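1. here is my input; please provide its structure:
(one chain, ligands or ions: 2)
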Amino acid sequence: MNNNDNLSYSREELQEEIKYLRLLSDRFQNIQVASTEVINLEAILNLPKGTEHFLSDIHGEYETFSHVLANASGVVRKKIDDVFGKNIREKDKKILATLIYYPEEKLDLVLKDEENPEEWFTVTLRRLVVVARAAASKYTRSKVRKAMPPDFAYIIDELLNESGEDKEKYFEGIISTIIRIDRAEAFIIAICQFIQRLLIDRLHVIGDIFDRGPSPERVMDRILNYHSVDIQWGNHDMLWMGAASGNRALIANMIRISLRYNNIDTLEDAYGINMMPLATLALHSYDDDPCEPFIPLVVEKGKDKDLVKKMHKAISVIQFKLEGQIIERNPHFDMRDRLLLDKIDYEKGTIKVGNKTYQLLDKNFPTIDPKNPYQLNEEETAVIDKLANSIKNSSRLQKHIAFLVSHGSMYLTFNENLMYHGCIPLTKKGDFASLEIEGTAYSGKALCDHFDRMARKAYQFRFQRKYEPISDYMWYLWCGASSPLFGKTKMATFERYFLAEKETHAEGKNPYYTLVYDGEEYCDKILNEFGIGGPHSHIINGHVPVQVKKGETPIKAGGKLFVIDGGMSKPYQKVTGVSGYTLIYNSYGLVLVEHEHFDSRQTAILEEKDIISKRIYIEASAQRMRVRETDIGKSLMAQIEDLNKLLVAYKRGLVKERF
Ligand SMILES: O=P(O)(O)OC[C@H]1O[C@](O)(COP(=O)(O)O)[C@@H](O)[C@@H]1O
Ligand SMILES: [Mn+2]
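-> Ligands and ions are numbered 1, 2, ... in the order given. Here you go, the predicted model:
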């Protein structure tokens, strides 16, 4: 602490803040306590920055997601290589790595065949302590202690910090006691989880947790319990947020996509949403209908797809009707080109889009009144009301969505990086595209901020019975042309089901994707708009699957922008050719990791088959980055400043010390 600095506070300056300083003195009651805190904080500022991991487009793929968290996108294995080099066999390294990823399951397997468990425990515990030490080395003892599982905190602390020959006996003693009192298994599980936790200091999820994959609810459970996480909403997350807020068109979309990918288990079993009313309507209205375009994309062997396709069609028709209603009541969304049900000739089974007339692939619309095509019939109304009610009352779903709302946002700037899922809408000329909302034109950051507020506001009405017009904006965020989460000119869902002509399926992309992907100057413009920039700033996006197979790269604009949607979503891997990316930002710089292939959790455990991850891009910093240079560092420095003021106030008798 620098006394000269302290003296520079004038009496008036301190007097102005006296109320705040008195409050602060409740926590730091005297000079001794406040100075200790200043010394601690100063020490933290000089430590290497914590490691951030960025993931996106998880799309319900829990197994892959939890694997890349467990292996810290290859960092666990790297630590093992670093600390053991050639001192242990490759085979043993693999077992050790798998144990760290899946401690409970791997312990069971190993112990089943192990002839000398005691010896195995001794060797394994020693190895784990070495890895844990390496993982903890860059953090303060206090931070490391906080990451420890409470039951074993004391012992882990002792083991991490004891070394040198004279301490060997002590170390040996602790390990043999753990084994003797039968706590070795529990201890191994605890220390493995501790290692996992230390290697990722902060997780950023750049959107699209939901849809397509089988277990978004398990992904959410994991995120909910994660020690440090933020989410940038994806369009699919907004879809689920809107559905949970009671927007009926989004409810229909959510159910439609779940049926398209045959994920009814998530709806029924995980979230307790009653699908019976929809099934009844489907059988009633589409009984003799082959519903060809609605055969689910993922068909499980032995499971009946007949009912699923009928339900899929029933909810799709409900969706198109409800979306038509939103478009009609919000002319300023400028989406009248998406009004298609009124362009159908129901007798001929054709549709006129623009000047062209197309044959429909499915001509059977028993629930549509051609004179009033956007009106739900009575049964459809009852179904959507019941679904809305189920969703409202699903406590697990509501808990997950509440977390998305509280830990998520339209974008985030963190340590000079700007993260958002889709894009910042631009005009063809490269200006920020503006959208008029209730008489005010918004663009760039202001547009994102406004949408962020609107989404939160709409969410407030989730338990209300009445329709709330503001929730239409959540639907707009899902599929509107000026939505930063969507970034396409239209969502051609209707055409993709009903028209064979591929050209009608095309969804134009916002100019962002050509201008910014290729032009560093546009990246700089956007970064400046969000108040950051400079050599360490990057934009990190998800949303657009990188078609590695076709030679595309996730590294855009000369390394200023990363698109990290690498197809964690299994159905999209045929497009990308890889199974996801992790961007890692540690104290040495940025590393982009490409995940090539992940079999399954089962083979990972049984055969020690790790995900194959390649480090495909490295941007090294000239100097190791310290906490002082991070956003957390800035807030710590502000705390130090406040504590310094408090110290002066104590010394000058302006605030009473307590002992
Ligand atoms: O391949 P699917 O699951 O039918 O979805 C296609 C639809 O998903 C979208 O790509 C939006 O989802 P993404 O955000 O994952 O890209 C739409 O633009 C498109 O119409
Ligand atoms: Mn998306």
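2. against residue 611, how distant is residue 100?
-> Distance, residue 100 to residue 611, using C-beta to C-beta, to the nearest Å: 14 Å. (Glycine included, C-beta is placed from N, CA and C.)
3. what do those two both touch?
-> residue 71 (C-beta atoms under 8 Å, 6 or more residues apart in numbering).
4. doesn't residue 593 lie inside a helix?
-> No - if the criterion is DSSP: H, G, I helix; E, B strand; the rest coil, then residue 593 is strand and not within a helix.
5. for it, which residues are in contact?
-> For residue 593, the contacting residues are 73-74, 581-584, 613-616, by C-beta under 8 Å, 6+ apart.
6. just those residues now: which is nearest ligand 1?
-> residue 581 (15.1 Å; C-beta to the nearest ligand atom).
7. that closest one touches residue 555, doesn't it?
-> No - using C-beta atoms under 8 Å as the test, residue 581 is too far from residue 555 to be in contact (10.1 Å).
8. who touches both of these two?
-> 562, 592.
9. residue 100 and residue 611: who's more crowded?
-> Neighbour totals were compared for residue 100 and residue 611, and residue 100 leads with 29 against 23 (other C-beta atoms under 10 Å).
10. need phi/psi at the nearest residue to the more buried one once chain neighbours are set aside.
-> Leaving aside its sequence neighbours, residue 100 sits nearest to residue 192 (C-beta to C-beta, 6 or more residues apart in numbering; 4.7 Å). Per-residue torsions, residue 192: phi -70, psi -40 (degrees, to the nearest 10).
11. residues of the stretch 451-600 of the chain that sit close to ligand 2?
-> Counting by C-beta under 5 Å from the ion, the stretch 451-600 of the chain comes close to ligand 2 at residue 543.
12. tell me the residue of the stretch 451-600 of the chain that sits nearest ligand 2?
-> Nearest to ligand 2 in the stretch 451-600 of the chain, going by C-beta to the ion, is residue 543, at a distance of 3.9 Å.
13. next up, the contacts around residue 68.
-> By C-beta under 8 Å, 6+ apart, the residues touching residue 68 are 55, 580, 582, 595, 611.
14. returning to what we had before: neighbour count winner among residue 581 and residue 555?
-> Per other C-beta under 10 Å, whichever of residue 581 and residue 555 has more neighbours is residue 581, with 30 against 16.
15. so for the more buried one, what's the pLDDT?
-> Here, the pLDDT recorded for residue 581 equals 96.
16. ok, residue 617 next?
-> Looking at residue 617, the pLDDT reads 88.
17. that one bridge partners, please.
-> residue 592 (DSSP bridges).
18. just give me the neighbour total for it.
-> Neighbours around residue 617, by other C-beta under 10 Å: 17.
19. ok, so of the contacts of residue 68, who is nearest ligand 1?
-> Closest to ligand 1, out of all of the contacts of residue 68 and judged by C-beta to the nearest ligand atom, is residue 580, at 13.5 Å.
20. residues touching that closest one, list them.
-> Contact analysis of residue 580 by C-beta under 8 Å, 6+ apart lists 55, 57, 64, 68, 564, 566-568, 594-595.
21. before we move on, the earlier item: can you list the contacts of residue 593 in CSV and add secondary structure?
-> Output for the contacts of residue 593, formatted as CSV (three-state DSSP):
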residue, secondary structure
73, helix
74, helix
581, strand
582, strand
583, strand
584, strand
613, strand
614, strand
615, strand
616, strand
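22. picking that back up, now the contacts of residue 580: which count as buried?
-> Those of those that meet the buried threshold are 55, 57, 64, 68, 564, 566-568, 594-595, by 16 or more other C-beta atoms under 10 Å.
23. out of the residues you listed, which are inside strands?
-> Cross-referencing these against strands under DSSP state E gives 55, 594-595.
24. and residue 381, what element?
-> helix 378-392 (DSSP states H and E).
25. so which elements touch that helix?
-> Where contact means 3 or more C-beta pairs under 8 Å, 6 or more residues apart in numbering; DSSP states H and E, helix 378-392 is packed against helix 235-244, helix 248-260, helix 276-285, helix 306-329.
26. partners of whichever helix or strand comes after the longest one, with directions?
-> As assigned by DSSP H and E, the chain's next helix or strand after helix 306-329 is strand 344-345. According to DSSP bridges, the neighbouring strands of strand 344-345, each with its direction, are strand 350-353 (antiparallel).
27. so what strands line up beside the helix or strand just after the strand it pairs with?
-> Downstream of strand 350-353, the first helix or strand assigned by DSSP H and E is strand 356-359. Strand pairing for strand 356-359, determined by DSSP bridges: strand 350-353 (antiparallel).
28. mind showing which ranges of the stretch 201-350 of the chain have poor pLDDT?
-> Counting by pLDDT under 70, the stretch 201-350 of the chain has low-confidence residues at 302.
29. what does it have sitting close to ligand 2?
-> 208, 234-235.
30. and if we set it to 6 Å?
-> 208, 234-236 (C-beta under 6 Å from the ion).
31. okay, these in TSV with neighbour count next?
-> TSV is the format used below for those (neighbours: other C-beta atoms under 10 Å):
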residue	neighbour count
208	29
234	30
235	24
236	26
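32. ok, and the closest non-adjacent residue to the residue of the stretch 451-600 of the chain closest to ligand 2?
-> In space, residue 543 comes closest to residue 422 once its chain neighbours are excluded; the distance is 4.6 Å by C-beta to C-beta, 6+ apart.
33. give the contact list for that neighbour.
-> 207, 234-235, 483-487, 541-543.
34. filter the residues you listed down to the buried ones.
-> For the contacts of residue 422, burial is judged from neighbour counts taken by 16+ other C-beta under 10 Å, and it is met by 207, 234-235, 483-487, 541-543.
35. in a markdown table, list the residues you listed along with secondary structure and distance to residue 120.
-> Formatted as a markdown table, the buried ones among the contacts of residue 422 follow (DSSP: H, G, I helix; E, B strand; the rest coil; distance: C-beta to C-beta, whole Å):
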| residue | secondary structure | distance to residue 120 |
| --- | --- | --- |
| 207 | coil | 43 |
| 234 | coil | 44 |
| 235 | helix | 49 |
| 483 | coil | 55 |
| 484 | coil | 53 |
| 485 | coil | 50 |
| 486 | coil | 53 |
| 487 | coil | 53 |
| 541 | strand | 46 |
| 542 | coil | 42 |
| 543 | coil | 46 |
